[in-house]
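Student: the following block contains a protein sequence and its predicted model.
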Amino acid sequence: NSIYGQIGGNGIMKFIDLPPSSRTASLGGNLISVKDDDLTLAIQNPSLLNESMDDHFAISYIDYLAGINFGSLAYAHSFDSINTGMIGMQYINYGTFTQADVNGNITGTFSAGEYNFFAGYSRQWHDFSYGGQLKLLYSNLDIYNSFGASIDLSGTYFDKDKGFTAAVVFKNIGYQITPYADV
């Protein structure tokens with residue numbers, strides 16, 4: 001007889017790969033080369049930040065699967081015609097779970113959630129923009145906590161006259177600073 005179990009994921013804090021808005025989700029989950037005034041797109045590609053997003057505030061809430069809630073909020077400010085920054089937060093709340101001991105006796109409940117606090121910046125240079133984003137990541141799964149940090153680096157070429165956009169994004173380059181441990 002053979003026994004098979006579930007295989008865990010390949011990585012940690014994978015919630016940061018979820019689409020930050022319904023627009024992004026409806027178009028396949030990765031929308032990195034649309035340059036308009038949608039601030040939620042800059043969460044996935046910081047080089048999309050531009051002066052048309054000045055003083056924009058974006059909020060998104062998704063009632064995800066099986067009682068899981070996911071959302072984001074962001075604010076952008078344009079410092080001048082070529083420099084734009086943003087700050088924000090993403091979160092996922094996995095809900096409340098029944099806690100049991102090894103014998104199946106219910107001992108209480110616990111909750112789980114993960115958070116991404118980010119700050120991004122973009123600079124325009126002719127038809128090209130480049131940007132970066134710093135992410136501070138926190139995960140709480142019952143009594144276990146983890147802290148990490150990552151960055152995104154991106155560049156976008158946008159030719160408005162020809163209606164052509166191309167982008168490249170290096171996402172979630174980071175490290176788990178504090179592995180999951182008891183509180």
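Tutor: Yep, it's here.

Student: list the buried residues of stretch 22-32.
Tutor: By neighbour count on 16 or more other C-beta atoms under 10 Å, the buried set for stretch 22-32 is Thr24, Leu31, Ile32. No exception for glycine: its C-beta is placed from N, CA and C like everyone else's.

Student: can you flag which of these belong to helices?
Tutor: Thr24 (DSSP state H).

Student: nearest to Phe97, of the buried residues of stretch 22-32?
Tutor: Thr24 (28.6 Å; C-beta to C-beta).

Student: quick one, grab the pLDDT at the closest one.
Tutor: For Thr24, the model assigns a pLDDT of 89.

Student: quick one, what contacts it?
Tutor: Taking C-beta atoms under 8 Å, 6 or more residues apart in numbering, we find Thr24 in contact with Asn30, Leu31, Thr40, Leu41, Gln44.

Student: so how far is the helix or strand bottoming out on mean pLDDT in the chain off the chain centroid?
Tutor: Within the chain, no helix or strand scores below helix 22-26, which has a mean of 88 by mean pLDDT, DSSP states H and E. With C-alpha atoms, centre = their mean, to the nearest Å as the basis, helix 22-26 stands 14 Å off its chain's centre.

Student: with just CA atoms, put that helix into CSV.
Tutor: Only the C-alpha atoms of helix 22-26 are listed here, as CSV (Å, rounded to 0.1, in the frame of the first residue of the first chain):
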residue,chain,number,x,y,z
SER,A,22,-11.6,43.2,-10.9
ARG,A,23,-10.3,44.8,-14.2
THR,A,24,-7.0,43.0,-13.9
ALA,A,25,-8.7,39.7,-13.0
SER,A,26,-11.2,39.9,-15.9
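
Student: shaky segments in this structure?
Tutor: 1-9, 182-183 (pLDDT under 70).

Student: show me where it has strands.
Tutor: Ranges of strands within the chain are 57-63, 69-78, 83-100, 106-125, 128-141, 144-159, 164-182, based on DSSP state E.
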